[in-house]
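Asks: Have a look at this prediction, sequence included:
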Amino acid sequence: MKIHKIYTLIIFGIIFTKNQVISNDDFFDLNTSSRFTSIGNIALIYFPELSENSSFNSKFRIHQSSIYDNILKVNNAFYTKKIDNLNIFKSKINRINMTFFNRKIENIANTSQVWSDEINPPLSPNDIDSNLIYYFNHNDYCLLFDIFFNRKGHKFGFHFIPAYSKTETITSKSFTLDISYSLKLNEVFVGLIFRDILSFKNWSTGLNETFLPSVSLILNKNFKKVNFFIELDNLYIKKYNFNEVKTKVGFEYNFARSLFLRFGVNEDFSSFGFGTELYKKMIIDYSFSTHNYLGDTNQFTFQFKLDK
């Protein structure tokens, strides 16, 4: 695939998407890895050269966390495989990733029927019928499929994201296509994420949506033992103007041979963590984050080497 065709796809998705709604509910903006969380929740998942801190050619990663005082539960399983000597349309395919993602909120109280039929102000506890309170769960299921390739020094990633959600009796089916692009300028990594280039979300209620495309910029510079990251997120495109920028900053310090200390901050929370590789077969990552409004979260991620 030629480079100008990719640019055309990006511009086409930006200009011709209709009935757009802004979506801050990015499946992979939260808790795909404790490492990502500990450096400020920067979206490294789009760039293998940043997201991989080991020499594993293929690996399996599991991640489970209960977030914000157990309000939200997240589980995901991630598989990556490096590929050699595979060329399609004169472009070298060098990596394929697959991630299964489940996000759950349990025991949501439905109080819509608890009030008595005849209510006269002022209200009192006698107006509430607690027997009419019932509880339900919300679940999101998502599969992320990534293909990364090089084309004459240009690095691209195509990210296909089908998803299914259920809240009580209401369901939705959705799909989005994200595209990533990266290069190095004077030892500085520059990455661009074009989110929701093509998208739809269809609800069982009959409501159909598409998401407003957005752009994120990620910069990375390695200073010997210190890795510095910055992300400018939510560069939403509205009539070709950028606004609503969110800044994320992260540091990763290679404290010892296989021990990393991490710190991060963004507009919503601050975080820190560590990671270590054990026996060249396993990686353990931990993060602690404190949200401005939603409390504290501890997370662990385990990665296992699959190749010999």
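Replies: Great, that's in hand.
Asks: now the lengthiest strand in the chain: mean pLDDT?
Replies: Counting residues, the longest strand found in the chain (DSSP state E) is strand 91-110. On average, the pLDDT along strand 91-110 is 80.
Asks: and K104, what does it touch?
Replies: Contacts for K104 were tallied using C-beta atoms under 8 Å, 6 or more residues apart in numbering; they are L72, K73, V74, N75, N137, H138, N139, D140. No exception for glycine: its C-beta is placed from N, CA and C like everyone else's.
Asks: from these, which would you call buried?
Replies: Neighbour counting with 16 or more other C-beta atoms under 10 Å marks L72, K73, V74, D140 as buried within these.
Asks: What residues sit buried inside the longest strand of the chain?
Replies: Neighbour-count burial for strand 91-110, counted by 16+ other C-beta under 10 Å, picks out S91, I93, N94, R95, I96, N97, T99, F101, R103.
Asks: which pair in the residues you listed spans the largest distance?
Replies: S91 and R103 (33.3 Å; C-beta to C-beta).
Asks: Tally up the residues packed near the nearest residue to K281 once chain neighbours are set aside, please.
Replies: The spatial neighbour of K281 that comes closest, neighbours along the chain excluded (C-beta to C-beta, 6 or more residues apart in numbering), is K305 at 5.0 Å. A count of neighbours around K305, defined by other C-beta atoms under 10 Å, yields 18.
Asks: I'd like the distance between K305 and L144.
Replies: 21 Å (C-beta to C-beta, to the nearest Å).
Asks: Include secondary structure, distance to D268 and pLDDT when you put the buried ones among the contacts of K104 into CSV, please.
Replies: Formatted as CSV, those follow (DSSP: H, G, I helix; E, B strand; the rest coil; distance: C-beta to C-beta, whole Å; pLDDT from 0 to 100):
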residue, secondary structure, distance to D268, pLDDT
L72, strand, 14, 75
K73, strand, 19, 79
V74, strand, 16, 79
D140, strand, 19, 90
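Asks: any idea of the mean pLDDT in the one helix or strand L235 maps to?
Replies: Applying DSSP states H and E as the criterion places L235 in strand 226-238. Across strand 226-238, pLDDT averages out at 83.
Asks: which residues touch that strand?
Replies: Identification of contacts with strand 226-238 by C-beta under 8 Å, 6+ apart yields 14, 22, 24, 39-40, 42-44, 50, 212-222, 242-254, 264.
Asks: Just the buried subset of those, please.
Replies: 14, 39-40, 42-44, 50, 212-216, 218, 220, 248, 250-252, 264.
Asks: State the three-state secondary structure for G40.
Replies: coil (DSSP: H, G, I helix; E, B strand; the rest coil).
Asks: Hmm, D268 and it touching each other?
Replies: No: in this structure, G40 is not within contact of D268 by C-beta atoms under 8 Å, at 9.6 Å.
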